[in-house]
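Colleague: Generate coordinates for the sequence data below:
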Amino acid sequence: MSLSSGYETKKARVEMLPLIDVVFLLLVFFIYAFLSMVLHRGLKVDLPAAGSAVVDKLDYIDITIDQSNNLFLNKQPIPLERLADQVLKLRAASDSTQSVFISGDREADLGLAIQILDMLRKAGIEEVSFSCSKETIPTPQP
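Modeller: Presented below is the predicted three-dimensional model:
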């Protein structure tokens with residue numbers, strides 16, 4: 001004796017809701033994995049704003065000037081006299097086209113940042129940029 005379940009005449013189908021859940025979880029996983037690979041080598045400082053700021057930090061060397069004009073190279077304190085030599089060593093150890101970013105606090109001395117830029121250019125390092133936050137700056141009215 002054979003019993004009929006009622007499913008013999010129905011075709012198999014793929015349910016979409018579990019498939020959408022799986023794809024969403026994969027998307028979240030890859031976004032999280034991608035964001036966790038971003039390196040931040042600088043210290044937390046209050047960056048000045050620039051309306052035309054562009055994010056371009058793949059692999060870089062970070063020079064940070066804090067509020068008290070203390071210098072840090074990739075979060076390590078460093079005296080001004082040794083800065084250019086250490087940057088040259090870091091670039092030689094990895095990729096010689098590695099960019100250098102100067103991150104200065106709003107309250108830091110601009111003269112120190114210009115002095116660092118001049119030292120790096122004299123050492124032959126031309127790929128130097130200043131880090132800033134992307135904000136809209138009101139234009140001065142004449």
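Colleague: mind listing what's buried in the helix ranked longest in the chain?
Modeller: Here the longest helix in the chain is taken by residue count, with DSSP state H as the criterion, and it is helix 16-36. For helix 16-36, the neighbour count (16 or more other Cβ atoms under 10 Å) marks no residue as buried. Any C-beta I mention is one placed from the backbone N, CA and C, and that applies to glycine too.
Colleague: can you give me the offset of it from its chain's centre?
Modeller: When C-alpha coordinates are averaged (Cα atoms, centre = their mean, to the nearest Å), helix 16-36 and its chain have centres 23 Å apart.
Colleague: now stretch 103-123
Modeller: A distance of 20 Å separates the centroid of the chain from that of stretch 103-123, by Cα atoms, centre = their mean.
Colleague: CA atoms only for the longest helix of the chain - export them in CSV, please.
Modeller: Taking only C-alpha atoms (Å, rounded to 0.1, in the frame of the first residue of the first chain), the coordinates of helix 16-36 have been written out as CSV:
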residue,chain,number,x,y,z
MET,A,16,14.4,33.6,-1.8
LEU,A,17,14.2,34.9,1.8
PRO,A,18,17.0,32.7,3.2
LEU,A,19,19.1,33.4,0.1
ILE,A,20,18.7,37.1,0.7
ASP,A,21,19.7,36.7,4.3
VAL,A,22,22.9,34.8,3.4
VAL,A,23,23.9,37.3,0.8
PHE,A,24,23.3,40.2,3.3
LEU,A,25,25.5,38.5,5.9
LEU,A,26,28.2,37.9,3.3
LEU,A,27,28.1,41.6,2.4
VAL,A,28,28.3,42.7,6.0
PHE,A,29,31.2,40.3,6.6
PHE,A,30,33.2,41.6,3.7
ILE,A,31,32.6,45.3,4.6
TYR,A,32,33.7,44.6,8.1
ALA,A,33,36.8,42.7,7.0
PHE,A,34,37.7,45.5,4.5
LEU,A,35,37.3,48.3,7.2
SER,A,36,39.3,46.4,9.7
